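*Asks:* Turn this into a structure:
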Amino acid sequence: MNGIINVLKPPGMTSHDVVNFIRGLSGQKKVGHTGTLDPGAAGVLPVCLGKATRIVQYLPGDKSYRAEVAFGLTTTTQDAFGDVVGTAGAGSLTVNDVEHCLQYFAGRIEQVPPMTSAIKYRGKKLYELARAGIEVERKPRAVYIYKIALVDFYHDRSGLPRALIDIHCSAGTYVRTVCHDVGEKLGCGAYMSFLLRTRAGNFKLEDSVTLEYLKELLDAGSLENALIPVQRALEHLPRVFLEENFASAVQHGNSIILPGAAVENKLSAGQMACLEGHEGLLALARVGHDVDKPGHYIIQPVKVLV
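*Replies:* Alright, predicted model coming up:
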């Protein structure tokens, strides 16, 4: 089985749990996800099977989330699963305060990764150190928030204000840290009380499938119906169709030189492209310009898929 399943991960399972579940259902050894989703979170988790595991790094890395921010408290993990380590008055917080504050988090920002992240420090993952009660200094990392918007503002039963926010961000962004940092800027503290990933690259929440549904497909002998072809997952990349003589060279990992007239759309140097032949997708390749032959492209396969 070669393709991608757009899984709706339930809360309570790790991303690795989902991969193991899919591996057991499919009988496929090569299975992997495209980006970890917190155990307590739900939402889109694309899972690659077979040859699709070879294209993970070429998929769009941006993601979208809906998160609930609880104000007035801070926790050890920046989410609802940690211990409360700080309280502050947040009763006077208004919707205008939150909307104004969110504006400061749009664009390029720097984050200090939480201790609950999978980033490695001297060979150990930070969350492993955190479980051992060890906290280490982390360097800020630049991430990009393409859009951050307030969806709703309300108060819970205890009277503490909460907000629903939508975030579209680059790969590597920690939404829990955005929530925590918003609380810090407002001076009242905050933690992420809920997280739903609504999109990962080209994969959307409305197109995702549950693990229960996948089991039903397996029982019906039609699990392959849940597979999204590799070509569809790479729709963001330009396509170059190759005639048989060029296709054969590419299948052996050899670079080729194409005249501009043989390429449907103009390509940029350094750009990635999908190379297709009569049999379908052949390879992913990097594009270059031939300085000795103006108007020609040098096409170098970087991932042969046949």
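*Asks:* what's the helix or strand for Ser268?
*Replies:* Secondary structure assignment for Ser268, by DSSP states H and E: no helix or strand.
*Asks:* what residues are up against it?
*Replies:* Val287 (C-beta atoms under 8 Å, 6 or more residues apart in numbering). Where you see a C-beta, it was placed from the backbone N, CA and C, and this is true even at glycine.
*Asks:* Tell me, how many residues neighbour Ile165?
*Replies:* Other residues lying near Ile165 total 24 when counted by other C-beta atoms under 10 Å.
*Asks:* max-length strand in this protein?
*Replies:* strand 141-155 (DSSP state E).
*Asks:* packing partners for the next helix-or-strand element following it?
*Replies:* Remark: after strand 141-155, the chain's next helix or strand is strand 161-169, criterion DSSP H and E. Counting contacts by 3 or more C-beta pairs under 8 Å, 6 or more residues apart in numbering; DSSP states H and E, strand 161-169 packs against strand 63-71, helix 95-102, strand 141-155, helix 175-186, strand 190-200.
*Asks:* can you tell which of those is closest to Ile119?
*Replies:* strand 141-155 (8.6 Å; C-beta to C-beta).
*Asks:* re the thing from before, out of the helices and strands packed on strand 161-169, flag the one nearest Asp292.
*Replies:* strand 141-155 (37.9 Å).
*Asks:* List the buried residues for that closest one?
*Replies:* Neighbour counts using 16 or more other C-beta atoms under 10 Å place Val143, Ile145, Ile148, Leu150, Phe153 of strand 141-155 among the buried residues.
*Asks:* Could you dump the residues you listed into JSON lines and include distance to Lys266?
*Replies:* Formatted as JSON lines, the buried residues of strand 141-155 follow (distance: C-beta to C-beta, whole Å):
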{"residue": "Val143", "distance to Lys266": "31"}
{"residue": "Ile145", "distance to Lys266": "31"}
{"residue": "Ile148", "distance to Lys266": "34"}
{"residue": "Leu150", "distance to Lys266": "41"}
{"residue": "Phe153", "distance to Lys266": "47"}
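*Asks:* Can you pull out the residues in contact with the longest strand of the chain?
*Replies:* 62, 66, 95, 98-99, 102, 105-113, 161-170, 172-174, 178.
*Asks:* Tell me which of the helices and strands packed on strand 161-169 lies nearest to Ala80.
*Replies:* Of all the helices and strands packed on strand 161-169, strand 190-200 sits nearest to Ala80, with 4.8 Å by C-beta to C-beta.
*Asks:* for the next helix or strand after the closest one, packing partners?
*Replies:* Of the helices and strands lying after strand 190-200 in sequence (DSSP H and E), the nearest is strand 203-204. Applying 3+ C-beta pairs under 8 Å, 6+ apart, we find strand 203-204 packed against strand 3-9, strand 42-49.
*Asks:* Adjacent strands (with direction) for strand 203-204?
*Replies:* Paired with strand 203-204 in the same sheet, following DSSP bridges, are strand 190-200 (antiparallel).
*Asks:* What residues of the strand it pairs with count as buried?
*Replies:* Ala190, Tyr191, Met192, Ser193, Phe194, Leu195, Leu196, Arg197, Thr198, Arg199, Ala200.
*Asks:* Just the CA coordinates for it, please, in PDB.
*Replies:* The C-alpha trace of strand 190-200 is given here as PDB (Å, rounded to 0.1, in the frame of the first residue of the first chain):
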ATOM      1  CA  ALA A 190      -2.600  31.600  30.500                       C
ATOM      2  CA  TYR A 191      -2.400  28.000  29.300                       C
ATOM      3  CA  MET A 192      -3.800  26.100  26.400                       C
ATOM      4  CA  SER A 193      -6.800  24.200  27.500                       C
ATOM      5  CA  PHE A 194      -7.800  22.600  24.200                       C
ATOM      6  CA  LEU A 195      -6.200  22.000  20.800                       C
ATOM      7  CA  LEU A 196      -7.600  20.900  17.500                       C
ATOM      8  CA  ARG A 197      -5.400  20.700  14.300                       C
ATOM      9  CA  THR A 198      -7.700  21.700  11.500                       C
ATOM     10  CA  ARG A 199      -5.200  21.500   8.600                       C
ATOM     11  CA  ALA A 200      -1.700  20.100   7.900                       C
END
